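Participant: Based on what follows, work out the 3D shape:
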Amino acid sequence: MRRTVVITGASAGIGAEAAVALARRGDHVVLVGRNPDKLAAVVDRIRDDSGSTPDSHVCDFAALAEVRRTAGRIAAAYDVIDVLANNAGLIAKKQTSTVDGHDMTIQVNHLAPFLLTSLLLDRVTAAAAGRIITTSSAAHTSGWLDPDDLDFQRRRWARWRAYGDSKQANILFTTELTWRLRQTAVVATCFHPGVVRSDFGDSTGLFRLAKKLSPIGFVSPSQGASTLVQLAATEDGRGIPGAYFDSGRLARPTSRAVDPDLAERLWAVSGAMTAG
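Facilitator: Reported below is the predicted structural model:
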């Protein structure tokens with residue numbers, strides 16, 4: 001039976017590569033991305049490559065109203081979602097608040113996928129073997145997330161601190177989601193794709209320069225997407241609920257990233273911040 005796979009951040013990078021690979025395997029992919037022109041190019045690429053035509057939705061995660069609207073459209077189109085891949089993310093160049101009043105990095109990387117998952121969860125639980133996959137990062141090790149100050153009202157904001165917090169939030173989200181889904185057939189996992197040689201992070205000059213001058217250690221977008229595809233399409237994605245993978249291999253995140261009390265607190269705060 002043909003599966004339905006929703007992938008966010010699908011207009012470029014590992015999201016686009018994963019969408020192409022999963023469509024090639026026979027899945028019906030639903031693309032969610034911010035840039036309409038890039039999204040249309042990925043649609044054309046998948047159509048040319050696999051002969052199938054994916055659905056696509058333009059959505060800016062910096063606006064929770066757009067997340068709600070997109071979730072409503074996807075839910076109206078599909079009774080069952082077999083895989084939800086929360087892959088969209090960014091590294092903010094400077095401290096910026098969204099239209100919802102939240103830190104840009106935290107909203108795009110954590111609050112928006114939290115909301116999207118909440119709104120589509122009944123569609124995923126309707127699948128015989130649902131999967132929810134979240135793109136995290138080894139940068140979670142630098143995070144010291146405070147659920148009571150996600151928007152950096154009391155703490156000093158720094159680009160990589162906010163990013164590390166958001167990536168730690170991705171793993172904490174997976175930890176709590178796994179607990180909440182323990183009596184269902186849905187398995188939640190997360191992963192670090194490697195340091196990907198794409199336009200991700202180009203808002204930071206040092207990161208952009210490193211990719212240009214010292215490419216050793218960087219992986220291609222297709223290589224980075226391989227773990228997402230692995231968790232979406234193989235038994236690795238269902239073997240260990242709550243698992244964290246690093247570049248295709250089961251790995252151990254920091255203890256803080258899987259702290260059940262911290263995960264529960266983050267869930268409660270995230271629910272309040274995305275209520276509307």
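Participant: Helix, strand, or coil at L22?
Facilitator: Under the three-state scheme (DSSP: H, G, I helix; E, B strand; the rest coil), L22 adopts helix.
Participant: Is it in contact with L231, as I believe?
Facilitator: No. L22 lies out of contact with L231 (C-beta atoms under 8 Å); the separation is 11.0 Å. Using the backbone N, CA and C atoms, a C-beta is placed for each residue, glycine as well.
Participant: Which neighbours do the two have in common?
Facilitator: Counting by C-beta atoms under 8 Å, 6 or more residues apart in numbering, L22 and L231 have no contacts in common.
Participant: which residues pair with I132 across the strands?
Facilitator: On the basis of DSSP bridges, I132 is bridged to L84, A188.
Participant: residues touching F245, list them.
Facilitator: Here F245 is in contact with 189-192, 227, 230-231, 236, 251 (C-beta under 8 Å, 6+ apart).
Participant: pretty sure Y244 is touching S137, no?
Facilitator: No. Between Y244 and S137 there is no contact under C-beta under 8 Å: 10.6 Å.
Participant: list the residues that contact both of the two?
Facilitator: Residues touching both Y244 and S137 by C-beta under 8 Å, 6+ apart: H192.
Participant: before we move on, what SS does D60 have?
Facilitator: Here D60 is recorded as coil under three-state DSSP.
Participant: Any idea how many residues pack against it?
Facilitator: Neighbour count of D60, defined by other C-beta atoms under 10 Å: 18.
Participant: surely it meets R34?
Facilitator: Yes. Using C-beta under 8 Å, D60 is in contact with R34, at 5.0 Å.
Participant: which secondary structure elements does the helix ranked longest in the chain contact?
Facilitator: Using DSSP state H to define each element, the chain has its longest helix at helix 159-180. Applying 3 or more C-beta pairs under 8 Å, 6 or more residues apart in numbering; DSSP states H and E, we find helix 159-180 packed against helix 104-106, helix 112-125, strand 131-135, strand 187-192, helix 260-274.
Participant: The same query, at a cut-off of 6 Å, please.
Facilitator: Where contact means 3 or more C-beta pairs under 6 Å, 6 or more residues apart in numbering; DSSP states H and E, helix 159-180 is packed against helix 104-106, strand 187-192, helix 260-274.
Participant: got a list of contacts for stretch 162-175?
Facilitator: The contact list for stretch 162-175 (C-beta atoms under 6 Å, 6 or more residues apart in numbering) reads 91, 105-106, 109-110, 134, 136-137, 139-140, 142-143, 145, 188, 190, 242, 244, 253, 257-258, 262-263, 266.
Participant: So for A129, which of the helices and strands packed on helix 159-180 sits nearest?
Facilitator: The closest of the helices and strands packed on helix 159-180 to A129 is strand 187-192. By C-beta to C-beta, the value is 7.8 Å.
Participant: Any buried residues in that closest one, and which?
Facilitator: Buried residues in strand 187-192, counting neighbours by 16 or more other C-beta atoms under 10 Å, are found at 187-192.
Participant: Same list, the residues you listed, but as a markdown table with distance to E176 please.
Facilitator: Converted to a markdown table, those look like this (distance: C-beta to C-beta, whole Å):
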| residue | distance to E176 |
| --- | --- |
| V187 | 14 |
| A188 | 9 |
| T189 | 14 |
| C190 | 12 |
| F191 | 17 |
| H192 | 19 |
